[in-house]
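# From the sequence below, what's the structure:
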Amino acid sequence: MPAPDGAWQIAVSIHLPAGELASAGPRPVLVALPGGGYNRRYFDLPAAGFSQAEHHCRRGTVVVAIDHLGVGDSTVPPPAVTPGVVSAQIACIDVPVLLATGERDVCRPLTVELAGFVAATDLAGFVVPRMAHMHNFAETRTLLWERLDDFIAHVARTATRSGG
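Next up is the predicted model:
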């Protein structure tokens, strides 16, 4: 990623479906960005029933988990980098986007976050009930995972119908 003071590195983990699902042709891709100070490993917790990456891979989805700048193995940007620094890049994202948050979260309001994705071809938001910031530990985590599954299926159906 080009930066004013040199290149910034973004750390990524890619989780692939196994077996027949791996060779079934093009697969949907879910890009997962953890909030707060969590790193990309948050999406593949080792305790049974807590790996969101495993949940989606079992359904044939490729999961790309990313460390934000300043978190995990990604570059720590200089202090002059402020929130909104990538807003121009967000405005260029031209693929379907689903943003989800807990009803008691620490991010900006969902409507504010959604407003930046002006080029998204399909834009949806989901506020997960009875969930705070640490969604993979909430009892309602499967509601979020299932909503993502539904969004992925919707995008696939739309692409098939439109020939894309």
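# Direction included, what does the longest strand seen in the chain pair against?
In the chain, with assignment by DSSP state E, the single longest strand is strand 123-132. If you go by DSSP bridges, strand 123-132 pairs up with strand 97-104 (parallel).
# List the buried residues for the strand it pairs with?
97-102 (16 or more other CB atoms under 10 Å). (Each C-beta comes from the backbone N, C-alpha and C, glycine too.)
# do stretch 36-51 as well
Buried-residue list, stretch 36-51, by 16+ other CB under 10 Å: 38-44, 51.
# Am I right that Leu143 is in a strand?
No: Leu143: not assigned to a strand; according to DSSP: H, G, I helix; E, B strand; the rest coil it is helix.
# Just list the residues touching it, thanks.
By CB atoms under 8 Å, 6 or more residues apart in numbering, Leu143 lies in contact with 128-129, 131.
# Most neighbours among the residues you listed, please name it.
Met131 (22 neighbours; other CB atoms under 10 Å).
# Test my guess that it contacts Trp145.
No: Met131 lies out of contact with Trp145 (CB atoms under 8 Å); the separation is 11.6 Å.
# Next, the most centrally placed residue in the chain: phi, psi?
The residue lying closest to the centre of the chain (CA atoms, centre = their mean) is Ala32, at 2.4 Å. Note on Ala32: backbone dihedrals following degrees, to the nearest 10 are phi -110, psi 120.
# Look up the residues forming beta bridges with it.
Under the criterion used (DSSP bridges), Ala32 bridges to Ala65.
# so what's it up against?
40, 43, 52-53, 63-66.
# now Leu114: how far from Asp73?
Distance, Leu114 to Asp73, using CB to CB, to the nearest Å: 29 Å.
# Point out where this structure drops to low pLDDT.
1-5, 80-83, 134, 164 (pLDDT under 70).
# Run through the helices of it in chain order.
52-57, 87-90, 110-115, 141-162 (DSSP state H).
# quick one, which of these is nearest to Pro28?
Distances from Pro28 to each of the helices of the chain were compared using CB to CB; the minimum, 4.7 Å, belongs to helix 141-162.
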